[in-house]
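J.: Quick one, what's the 3D model for this:
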Amino acid sequence: MSGLQNLSGLDIEITDISGKIVQNFKISEVIDISELNSGIYFMKIQIENKVFTSKIIKK
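T.: Predicted structure coming up:
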């Protein structure tokens, strides 16, 4: 990504290890995972036609 000027198409999805969606966010929301149990999660960020995935370990 060369710039982050237009993020209106940004969706963030957090799934547990089995692939179940546990939270969804839009760009205007604060990402708060404090209510999730300890464990391994995956965050999928979708911007237009690009998808980025990152692993989250919550202790």
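
J.: What segments of this protein are strands?
T.: For the chain, applying DSSP state E gives strands covering 10-16, 21-26, 39-47, 50-58.

J.: Which neighbouring elements make contact with the third one?
T.: If I follow you right, that is strand 39-47. If contacts are counted by 3 or more Cβ pairs under 8 Å, 6 or more residues apart in numbering; DSSP states H and E, strand 39-47 sits against strand 10-16, strand 50-58. Backbone N, C-alpha and C define where each C-beta goes, glycine included.

J.: run the last query once more with 10 Å
T.: strand 10-16, strand 21-26, strand 50-58 (3 or more Cβ pairs under 10 Å, 6 or more residues apart in numbering; DSSP states H and E).

J.: Report how many residues lie close to the closest residue to residue 37 other than its chain neighbours.
T.: Spatially, and ignoring its direct neighbours in sequence, residue 37 is nearest to residue 58 (7.6 Å; Cβ to Cβ, 6 or more residues apart in numbering). Using other Cβ atoms under 10 Å, residue 58 has 12 neighbouring residues.

J.: Hmm, residue 58 is touching residue 42, no?
T.: No: the pair residue 58 / residue 42 is not scored as a contact, 11.6 Å apart, by Cβ atoms under 10 Å.

J.: list residues touching both of these two?
T.: Residues touching both residue 58 and residue 42 by Cβ atoms under 10 Å, 6 or more residues apart in numbering: residue 14.

J.: which stretches of this protein have low pLDDT?
T.: Along the chain, segments meeting pLDDT under 70 span 1-9, 28-30.

J.: please redo it, this time with the cut-off set to 80
T.: When residues are selected by pLDDT under 80, those of the chain lie in 1-10, 26-32, 46-48.

J.: All set now, cheers.
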